[in-house]
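**Student:** Pasted the sequence and its predicted model underneath.
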Amino acid sequence: MDTDHARGVIGRSFGESKDAGLKTVQKILPVVALLTGIAVFGIMIFGPYVLHLFYGDKFAPAVPVLQILMFLPLVIGFSNLMGVQIMLNLGMDKLFFRITCCGAVLSIFLNFLMIKRWGYIGTSINWILTETLICIAMFLVLKGKGINPIKLQYFKFSEYKSYYQSFRSKPKVGVQK
């Protein structure tokens, strides 16, 4: 999925109305989940082999880091949709800043604790933990404001098929049929 295209579609949808913007994000979220889920699965299966193939045995200690961080694309994809796409488009800039700022402060604090005990593994754990907490905080803030960023009905296989068909049928900008 072209993220610039998705960002433009989401922005235009929020320009129409709050409900149209939310519906667009709710429909894009399952696609992000699917694509990042495939990436996570690929990293899980092939990551250690690719590390070994390109970097040899000297990078064997990086395998646990890769395994810890493999869910990061999924978490960051979700928090991007909830934070940047929903919160900022709805004027929740201060809440977005507070959440990300608190996450940064927490991350620095946890790094001091975790590096002493676990080194680079501690940093990896801290990173995925902090990003997950930021994502959860954004979700809870949105839910608290009566906004549901996730609609399970859009996670059905038939919905994925319709997204794919609608994406393929739309002409590219500047291309005439």
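**Tutor:** Looks like it arrived, so ask away. Numbering: from 1, shown residues only.
**Student:** Helices of this structure, residue ranges please.
**Tutor:** 3-16, 18-55, 62-69, 72-79, 93-118, 120-144, 157-169 (DSSP state H).
**Student:** Lys151: which of the ones you listed is closest?
**Tutor:** helix 18-55 (4.4 Å; C-beta to C-beta). For the C-beta atoms, the positions are set from N, CA and C on the backbone; glycine is no exception.
**Student:** give the contact list for Asn148.
**Tutor:** By C-beta atoms under 8 Å, 6 or more residues apart in numbering, the residues touching Asn148 are 22, 26, 142.
**Student:** Name the helix or strand of this protein that has the lowest mean pLDDT.
**Tutor:** Lowest by mean pLDDT, DSSP states H and E among the helices and strands of the chain is helix 157-169, with a mean of 65.
**Student:** in this protein, which residue is closest to the centre?
**Tutor:** Central residue of the chain (C-alpha atoms, centre = their mean): Gly77, 1.1 Å from the mean position.
**Student:** Tell me, how many residues neighbour Ser124?
**Tutor:** By the criterion of other C-beta atoms under 10 Å, Ser124 has 20 neighbours.
**Student:** Please apply the same query to Gln67.
**Tutor:** So Gln67, with other C-beta under 10 Å, has 14 neighbours.
**Student:** would a markdown table of the contacts of Asn148 with pLDDT, distance to Tyr120 and neighbour count be doable?
**Tutor:** Listed next are the contacts of Asn148 as a markdown table, based on pLDDT from 0 to 100; distance: C-beta to C-beta, whole Å; neighbours: other C-beta atoms under 10 Å:
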| residue | pLDDT | distance to Tyr120 | neighbour count |
| --- | --- | --- | --- |
| Leu22 | 93 | 39 | 22 |
| Gln26 | 92 | 37 | 19 |
| Leu142 | 98 | 33 | 21 |
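**Student:** In stretch 14-29, which residues are buried?
**Tutor:** Across stretch 14-29, burial judged by 16 or more other C-beta atoms under 10 Å covers 14, 21-22, 24-29.
**Student:** ok so, going back, the helices of the chain into JSON lines, with extra columns for distance to Met87?
**Tutor:** JSON lines is the format used below for the helices of the chain (distance: least, C-beta to C-beta, whole Å):
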{"stretch": "helix 3-16", "distance to Met87": "11"}
{"stretch": "helix 18-55", "distance to Met87": "11"}
{"stretch": "helix 62-69", "distance to Met87": "25"}
{"stretch": "helix 72-79", "distance to Met87": "10"}
{"stretch": "helix 93-118", "distance to Met87": "4"}
{"stretch": "helix 120-144", "distance to Met87": "7"}
{"stretch": "helix 157-169", "distance to Met87": "23"}
